[in-house]
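Undergrad: Got a sequence here, can you model it:
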Amino acid sequence: MNSWIAFWNILKKDIRNYYLKPPNISWGIIFPLSWTLMQLIGTPQAGLDSIRGLLPGLMGMSILFGTTSMLAVTITFERRGRSFERLLIAPISMTTMVLAKISGAIIFGVSIAFSPLLFAAFLTELSGINWGVAIISILLMAVTSTLLGFAIAVSSKEVFEAQTYSNFFRFPMLFLSGLFLPIEKLPVFLRPVSYCLPLTYGVDMLNGAIMHTGYMNVWLSLTVLIGFGVLLFYFCQWNIKRKWIL
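TA: Predicted coordinates for the structure are as follows:
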């Protein structure tokens, strides 16, 4: 029971104190939404498949930028204020603390992932989507992207450092994960890099759910995403213990 109380209070504090910080608004909300509007409004006369074909990439991008921006703010602000240090010495397990810190970003990422769908609903018909696969892929992409952002934020002292380091991963992933450019159209020497990125598997699941054009087996993508999530989770705990944020 004490763990759940600690979990809830850490999550509630993060939501209250960090969700509307300027870096989150700019990178986590405005950038994905403006890119979504630009892509969707720029193709008003396009057919159903053209508009729907943009959705997996836009949703994946929204998750990636939303979650990593959230953790860049949350962790670095708390590191500077030394409140993260107090959490580390609190009588709660490291697992509970990490779960509480990433839960807010996951919720944020899942929420913002549906914004492209809301905009697209005014332009085209969205019937025929496999919502079960879509929701699972959105959740797993949010988890892996959040943990990636957490790992980066733990290594940073200031928000601008975390955002800068995140961009070294985020922008290459826009082009290498199949968000807007199919992997089969990438140069052969870059394709192995694509398969090392968790976002690749989430976007492929979304393509299968929305456009029915996924080229990887759903169960394979699901297994790989869960594997990435577990590895990143334990890596984040190891990184916290190694650096012991002070």
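Undergrad: Could you list every helix and strand in contact with the strand or helix carrying W4?
TA: Element membership for W4, per DSSP states H and E: helix 2-18. Counting contacts by 3 or more Cβ pairs under 8 Å, 6 or more residues apart in numbering; DSSP states H and E, helix 2-18 packs against helix 48-81, helix 94-113. All C-beta spots, glycine's among them, are computed from the backbone N, C-alpha and C.
Undergrad: can you give me how far that helix is from the chain middle?
TA: 20 Å (Cα atoms, centre = their mean, to the nearest Å).
Undergrad: Report the buried residues of that helix.
TA: Neighbour-count burial for helix 2-18, counted by 16 or more other Cβ atoms under 10 Å, picks out 6-7, 10-11, 14, 18.
Undergrad: what sits against T67?
TA: Contacts here follow Cβ atoms under 8 Å, 6 or more residues apart in numbering; on that basis T67 touches 28, 105-106, 108-109, 142, 145-146, 149.
Undergrad: Would you mind checking those for buried ones?
TA: The buried subset of these - by 16+ other Cβ under 10 Å - is 28, 105-106, 108-109, 142, 145-146, 149.
Undergrad: just the residues you listed now: which is nearest I75?
TA: Of all the buried ones among the contacts of T67, I75 sits closest to G149, with 8.5 Å by Cβ to Cβ.
Undergrad: Helix or strand for the closest one, just tell me which one.
TA: In the assignment (DSSP H and E), G149 maps to helix 131-154.
Undergrad: what's the average pLDDT for that helix?
TA: Here helix 131-154 scores 90 as its mean pLDDT.
Undergrad: next one: it to chain centre, how far?
TA: 5 Å.
Undergrad: where's L117 relative to L123, distance?
TA: Applying Cβ to Cβ, to the nearest Å, the value for L117 to L123 is 11 Å.
Undergrad: Among those two, which residue is more densely surrounded?
TA: L117 (18 against 15; other Cβ atoms under 10 Å).
Undergrad: Against which helices or strands is the helix or strand where that one lies packed?
TA: Assigned by DSSP H and E, L117 belongs to helix 115-121. Counting contacts by 3+ Cβ pairs under 8 Å, 6+ apart, helix 115-121 is packed against helix 31-41, helix 48-81.
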